[in-house]
Every structure is written in C-alpha cells, then in structure tokens.
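**Student:** model the following, please.
(6 chains)
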Number of protein chains: 4
Amino acid sequence: MRRIDVARHARRRAEILDAADRCFRRSGLKGSSIADLCAEAGISPGHLYHYFPGKEAIVAELARARLESARDHLEEVTGGGGSVVALLIDEMMTQAHGDRATSAAMLFDVLAESARSPAMADLVRTYHAAMADVLAEILRQGQTAGEIDPALDPRIAASVMVGMIDAAKSLGLRDPAMDDAVRRASFDRLIRSFLNPRAVVVRADAAEIAGD
Amino acid sequence: MRRIDVARHARRRAEILDAADRCFRRSGLKGSSIADLCAEAGISPGHLYHYFPGKEAIVAELARARLESARDHLEEVTGGGGSVVALLIDEMMTQAHGDRATSAAMLFDVLAESARSPAMADLVRTYHAAMADVLAEILRQGQTAGEIDPALDPRIAASVMVGMIDAAKSLGLRDPAMDDAVRRASFDRLIRSFLNPRAVVVRADAAEIAGD
Amino acid sequence: MRRIDVARHARRRAEILDAADRCFRRSGLKGSSIADLCAEAGISPGHLYHYFPGKEAIVAELARARLESARDHLEEVTGGGGSVVALLIDEMMTQAHGDRATSAAMLFDVLAESARSPAMADLVRTYHAAMADVLAEILRQGQTAGEIDPALDPRIAASVMVGMIDAAKSLGLRDPAMDDAVRRASFDRLIRSFLNPRAVVVRADAAEIAGD
Amino acid sequence: MRRIDVARHARRRAEILDAADRCFRRSGLKGSSIADLCAEAGISPGHLYHYFPGKEAIVAELARARLESARDHLEEVTGGGGSVVALLIDEMMTQAHGDRATSAAMLFDVLAESARSPAMADLVRTYHAAMADVLAEILRQGQTAGEIDPALDPRIAASVMVGMIDAAKSLGLRDPAMDDAVRRASFDRLIRSFLNPRAVVVRADAAEIAGD
DNA sequence: TATGAATGAGGCTTCATTCAT
DNA sequence: TATGAATGAAGCCTCATTCAT
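**Tutor:** Residues are numbered from 1 along each chain as shown, chains lettered A, B, ... in the order given. Coordinates of the predicted model:
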C-alpha cells in the first residue's frame, strides 16, 4: 500500500533542511524558531517532528551537510590539472562570494556554538580534519609539481589554509567596501608567499628587472 | 553629591557590562537572558533598566567596548620600540590565547549578527576601520625601519592582519589540538612572508648555508 | 472468510489491549500516548482507530477487562474445596504480588479517575459489585462449613474483603521494605479475626496451653 | 524599600498551592495544566515560576504538605485521653469523609505516581513511615492501657492501620452506596478484632448472654 | 536608587486524531 | 486492513520588559 515511502520521506526531509538553511542564514541559529522553519517549509509545527527529533538535530544535520559539501567540493576540484596554488586562491575567493554574508554568518554561528556545545565542537573538529586532509593532498601535489615549498608540512599548511578561508569570510563582513581585485591580490600574495616565498621573490625581481 | 552620583552610575554600568561580558562568553548572545545578566551582576531585573534601555543596547555597547578596547590595546602596544613584525605576531598569539574559546565565540557571535543587523554591521565596520588605521600606522613604522616591504599598501595590509587575527581564533576552535609552537611558527611564517617575503627567503638561505 | 475476519479482528483488538495494558502499567493512564500504545502493539496510529474510537474507549475497555478478569479469577478459584479463609488470604497475597507495583498503580489510576469521570465511576461500581457478589458466595460457603462467623453479613463482608485487597496493594507501595512473611502474617490475622474472632482466640489459647 | 517581602511571598506561595490542590482534586495530577493552576490562582502563567521551579515541584510540595498535615493531625489527636481504639476508628471514618472522593482521588494519584517516579516513591515512603511512627505510639499507649493485644508489634500494626485508612477511601469510591452506619460497624469490627480479638469475643458473649 | 512581583507572548515539543493512499 | 503523513491545539516553560513600592 505504501510505495514511494523512503524516497518521499527523504525528499521531505531535504525540503525541511533547505527551509531551515534559509531561516538560519536569515535570522541565525537561535534567532530562527521552529515555527519559522515550519512556515518556511510549509508544514505544521507538529509535523516537523516526524522528520527530526528536535531543533538541535536539524542544526547538527545542516551543519554537517554544509561542512561535508564544502569538503566534497574541494575533493571534486582537486581532480583537474593546472596550478595548484591558483586553484587554491580561486577556491578561497569563491568561498568568500556567493551568498557571501549569510553563508559566513552561518559559519560563524556554528563556530561560536562549537565553543559552547561539545556536540557541535566534535562536528567542527571532525569536518575541519576532513577538509584539511583533502587540502593537504592538494598541497602535496603542489610540492611534487615544484610549486610549493617542499619544507612545508602539508597537513599543517592545510589547516592554515582553512583558517585563510575563514579570514576571507570575516573580512567580507568587516570590510565589505574593499575592492574585489584588491581583496584577491591580497589573498594571492598571502597564500603564495606562505606556500612558496622564494617564488614570490623571484617573480618580484623579474618584474623589477623588466622595468615595472 | 552630583559628582559622586555620576561616578557611581558609571561604575555600576561598567559592572553590569562586565557581568554581561561573562554571560555572553559563557552562553552566547541569544543564550544569555536578562535574568542571567542580573544574577551575574547581582542586581534586580528592574534595576538593570535604569542603566540600559534593553538587551540590544547592552549587546551593542559591549561590542563597542570590546572593539574599542582592542583598538586601544593596539595603540598602546605601538608605543614601545623593537621589531614591528615580532610585535604583530606576539599580538596575534596573545589574541588567540587567554580565554581563547569564549573570546572567539563572542567575536563570531558579533560577526554573525553583523550579517543580519545593520546596526551591528555599522559597529563592526566602524571599529574594524579604527583597528586597521592603528595597525596601518604600525606597518608604516615597519616600512620606515626597513622591516616591511615598502611596496605594500599599509592600510590594506592592516585589514588583512585583522583577518589573520580572526583566522587564529577560528583555528583555535577548529583545531584545538594543534601544538602551540606549531601554531606560532605557522603564523610567524604567514605574517613574515606576507609582510616581507624577501627577508624570509634571505633568512632561509642563510640558515641553509650555515648547514642547518 | 467472514468468520476468519471476525476472529482476526478480535485477536487484533486483544493484542492492542494487551499492549495498552503494558503501557498503562509502565507510564500511567495519562502518561501513555497513543503513539506509545501503537509502538508497543506494532501497529500504526491510524490503524488503531479501526479498532477503537479513541483513547478513552481503550482505557474503559481495559479497565472493564481487568475488573472482569479479576472477578472471573475469583469465580474460578471458588470451585476447589479446602479452607475458605485460607483461600481468601492466599488470593490476597497473590493479588499483592506479581507485577505488584505496576498492577497497583493502574488500579489506583482507575480509582482516582473514577472520582472524576462518571463513566469510570459506573464501571468501578459495577465491577466492584460483581466481585463482591462472587466473594459473598465464597463467604456463605465458609459460613456453612463453620469456618466463618455466621452473624456476618456475607455481602458486606465481601465488600470489606475487596477493600483489604486494595489495602494490600497500597501497603506494597507505601512500605515496600516490609518482609513478606510479616505482611502475610498481618493480613492473615486481619482477615481471620474479622471473619471469625472466636476461632482466632481459641487457636491462641490452644497455642498458649501447648506451652508456646 | 521592600518590607513585607517574605510574608507576602509565603502567602502567595500558599495561595498557589491551595489553587493547585483544588485543581488536582478536580482534574487529577496529569489532568491539571499549568494554565489551569494559574487561572485558579489568578496569576499569569509565567509568574508561577517565581514561586516554583516547575509543576513537579508543586506536586511534590503539595503531596508533602498533605502527608505532613495528616501526620500532624494524628499527632494532635493523640493528646486527648479516652479509648485509643475508638479514637482510631473515629479517625478512620473522618479520613473517609469530608471531600471524600476528591481527597481519595488525589491520594490514589500520588500512590500511582509513586510506582513510577522514584522521587514520589521516596516521599510516600518517608511520610508513611512518619505516620506509622505516630500511630505506633498511640498503639503502645493502648497496649499499656490494656485495650490492645500486647502480643502485637505496634509498628507493624500501625502500618496495617494506615492500609485500613486507604481501604476506607477505596471503599468510598468502589461502593459509595454503602450505608455509613454499616461502613462504620464494619471497620469497627475489623479494627477491634485485629487489635484485640479476645475483647471482641468477650463482648459478643456478653451480648449473647444478655439475650441479644 | 533599587527591588522583585507581574505579565503575556513566544519557545520547543507532544498529543489525539484525521486523511489520503 | 493498514500505513504514516499531516494537523493544530495544548503543554510546560522562558523571556524581555514594565510597574508598584
């Protein structure tokens, strides 16, 4: 008698998560009420509990989904060839764009919450490690290709790179007036000179000699 | 009598703000109730409204106070001599330490809120600008002293430095297991090679020649 | 096919009632939700309404079933020979044992509800009368056998006996630490001396003379 | 500035407890909502939480108050002289009267809850012990006065007496049509023959000889 | 200045019940 | 017969804020 069952359930769940995502971006984690989520999802307050055991579970699942998709995206990007460093910087600027402010807001909400909720802290640590692992692999490729200073510990540098992505987001909020070209140039220099200071110097010298 | 009252009033206000600060660090902006603040400050709920028109005002004033004190601290530190770059890095590590997690949590709460509340956004922008101005002055001194690449725009670099402080905080939450020496070395390299890649390379070469 | 369906229906109903019984014992009348009953019975919430018009009907039917089975049990026990008084006391201790606490809890829930709901009050009165009628017949047999004071009104004494069964249950909750042998001895004396004080005295005298 | 303070607070608390008592008698423990209590007490829903941390606390305090007052009442009654057994029976009938049904309902609600909630079980056990201690003292006096069989363990008999009070309540609900004189006579015989079977027999003999 | 009583809206969650399939 | 999606009222509790004292 039941047929679609699982698919339908999963679809509904996803819809609710989407609605929750919109609410959380708009009003923050604590600023969004269950009633808000339900209104956004177009369901009744009671019905939400057929899909999730509570608000915390929704937050956790959404946070996990976002962190996971960030990692997946990184993994996917890795496949192509080309300059690893350029790729990294592109990635960073991309992360800082899009629904820039709201995306950053939710990330910072999650980070703030991770300082208070052990469960959220676990989530954040786990997915940070996963992202850093993916990035470390990219960095190792860059070292093999001679693009990146071989003396750098890839895993530690990867962790720092994630910090740079956060920095890009924080600057997006702190200094939204900054010109995008300037922003990109700054992070370009920041990342390049961290990953391979020698290349930066050489390039600068070449430019100088060329009469820049 | 007038003067004493004014002083008393100001003192009380400061006490309440301190209490609020403790609460907000502990439980977050939305997670702290007026009752919590009052309990922490040792006053009655009604009385709190003699000092502040509402919770939002407390949050705003506290945020302002914190941003202002961060700027003041920077300004104060500037006075001494010594290596400007080393000073910057020390400053960054200091910021990342202390009640590290709780301090970061409140900053991220404020940043997240700034994506939603125009008033908070103004506050964040204004004080970011103030901090960046102070930092820019330090960087200029470094350029005069030959420590920092003179090609760098001091004001833009200053903005990036603030982003690095945020990055240090975010990494403190994302990767708390990272060794402090490693963390310091990473940020040392990050900042030094951003501000003066040539110096980093030269120093590395010297170390190599010395047979490291 | 008709017959099978009817049997199936009855069987299902009984299963649901059993599940409800377990829930009600565990969590109380108001403490058990329809969802709980369904989970325990292994059916869906919607389906339950094919068998019962609502929760109240389940409670009523279950109460009736329990009171009825108590009466049936008494009736059944009556058949055998032997001392009627001993049989009564055994019955009382048996009632007080088993899933003692949970069984008592449900009885008291029903009694309490009977003070509020006229329908429940009717049920309780009706089945009390039925039980007392059965017990009265036992007592009459005891009087014929000379075991019980013939001056006692059997129907009234029967009502009191039911009260004693309730007392045994209440003491089980009020004083669970009381030793079972002590409990039995107490109720033994209570019942025997109520039903036939002379026999108790004579027995005591005999014991004394024997040099106890 | 505050003056009445404590007295006012205590008065309000008592008023709320009274209102709660009325609600619980009327609709049962689980059947009374916080909104009901507040409406009955004439306060707003939120305000109740200035006096009690939650519903459970109200239930517990009310249960405690009732059990305590029952014990105090017993203690008070003890003071007078006269036949201890008569006093006990009077007490029992009194307990069974008054707002009989509602009082019994609340007791049974509490007993039922004690089978599920450890906290309530503790309360019930504690106050049962207290009541039984008081009763035991009365029984000891009766033994000294020669009214009660000296072979009886007073503490155990006291526990059984409490069970009899419960039985009186249960019979009030099960068989409300029973004539009060009959009810009294039954419990009179029950208690007297339990506490001193010999006296009952002697009295019966005397009555018989007198030509009853 | 200072208290804490008081409010009522709103938060999260549970529930008995109905409905489409 | 059987499911489980769906509802919306209600339950307990918290909150920012106001008011009488």
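**Student:** find the nearest non-adjacent residue to the spatially most central residue of chain A, please.
**Tutor:** Taking CA atoms, centre = their mean, the centroid of chain A lies closest to residue A:70, which sits 5.0 Å from it. Leaving aside its sequence neighbours, residue A:70 sits nearest to residue A:131 (CB to CB, 6 or more residues apart in numbering or on different chains; 6.3 Å). Where you see a C-beta, it was placed from the backbone N, CA and C, and this is true even at glycine.
**Student:** for whichever helix or strand the one you found is part of, the averaged confidence score.
**Tutor:** Using DSSP states H and E, residue A:131 sits in helix A:118-144. Throughout helix A:118-144, pLDDT has a mean value of 91.
**Student:** now that helix: buried residues?
**Tutor:** With burial defined by 16 or more other CB atoms under 10 Å in any protein chain shown, the residues of helix A:118-144 counted as buried are A:120-121, A:123-125, A:127-143.
**Student:** now for that helix, which elements pack on it?
**Tutor:** Applying 3 or more CB pairs under 8 Å, 6 or more residues apart in numbering or on different chains; DSSP states H and E, we find helix A:118-144 packed against helix A:55-78, helix A:84-96, helix A:100-114, helix A:154-174, helix B:154-174.
**Student:** the domain parsing of chain A - what is it?
**Tutor:** Listed by automatic domain parsing, the domain ranges of chain A are A:1-52, A:59-209.
**Student:** give me the distance between the shortest one and the centre of its chain.
**Tutor:** I take that to be domain A:1-52. Chain-centre distance of domain A:1-52: 23 Å, with CA atoms, centre = their mean, to the nearest Å.
**Student:** near chain C at all, that domain?
**Tutor:** No. Interface with chain C: domain A:1-52 contributes nothing (CB under 8 Å from any CB of the partner chain), its closest point being 9.9 Å away.
**Student:** shouldn't residue A:37 be in contact with residue A:19?
**Tutor:** Yes. Here residue A:37 lies in contact with residue A:19, judged by CB atoms under 8 Å, at a distance of 5.8 Å.
**Student:** which stretches of chain A have low pLDDT?
**Tutor:** The model of chain A has pLDDT under 70 over residues A:1-4, A:78-82, A:95-99, A:211-212.
**Student:** close to DNA strand F: what parts of it are there?
**Tutor:** Applying CB under 7 Å from any atom of the strand, we find that chain A lies next to DNA strand F at A:1-2, A:5, A:8-9, A:12, A:43-47, A:50.
**Student:** how about these, which pair is most distant?
**Tutor:** A:1 and A:45 (27.7 Å; CB to CB).
**Student:** the two: which is more packed in?
**Tutor:** A count of neighbours by other CB atoms under 10 Å in any protein chain shown puts residue A:45 above the other of residue A:1 and residue A:45, at 12 against 3.
**Student:** now do the phi/psi pair for that one.
**Tutor:** phi -60, psi -40 (degrees, to the nearest 10).
**Student:** might you report the residue contacts of the residue nearest to it when sequence neighbours are not counted?
**Tutor:** Distances taken as CB to CB, 6+ apart place residue A:38 nearest to residue A:45, at 5.0 Å, with adjacent residues excluded. Going by CB atoms under 8 Å, 6 or more residues apart in numbering or on different chains, residue A:38 touches A:44-45, A:47-48.
**Student:** mark which of those are buried, thanks.
**Tutor:** Buried members of the contacts of residue A:38, scored by 16+ other CB under 10 Å, are residue A:48.
**Student:** which ones among the contacts of residue A:38 also lie next to DNA strand E?
**Tutor:** residue A:45.
**Student:** what about residue A:191, distance to residue A:150?
**Tutor:** As judged by CB to CB, to the nearest Å, residue A:191 and residue A:150 stand 17 Å apart.
**Student:** which residue of those two possesses the greater neighbour count?
**Tutor:** residue A:191 (21 against 11).
**Student:** secondary structure element for the more buried one?
**Tutor:** Following DSSP H and E, the helix or strand that holds residue A:191 is helix A:180-195.
**Student:** is chain B within reach of that helix?
**Tutor:** Yes. Under the criterion of CB under 8 Å from any CB, chain B is reached by helix A:180-195 at A:182, A:186-187, A:189-190, A:193-194.
**Student:** quick one: contacts of the helix or strand just after that helix?
**Tutor:** Downstream of helix A:180-195, the first helix or strand assigned by DSSP H and E is helix A:197-209. Residues from elsewhere that reach helix A:197-209, judged by CB under 8 Å, 6+ apart: A:147, A:149, A:189, A:192-193, B:193, B:197-198, B:200-201, B:204.
**Student:** follow-up on the earlier one: from the residues of chain A next to DNA strand F, pick the one nearest residue A:210.
**Tutor:** residue A:12 (61.5 Å).
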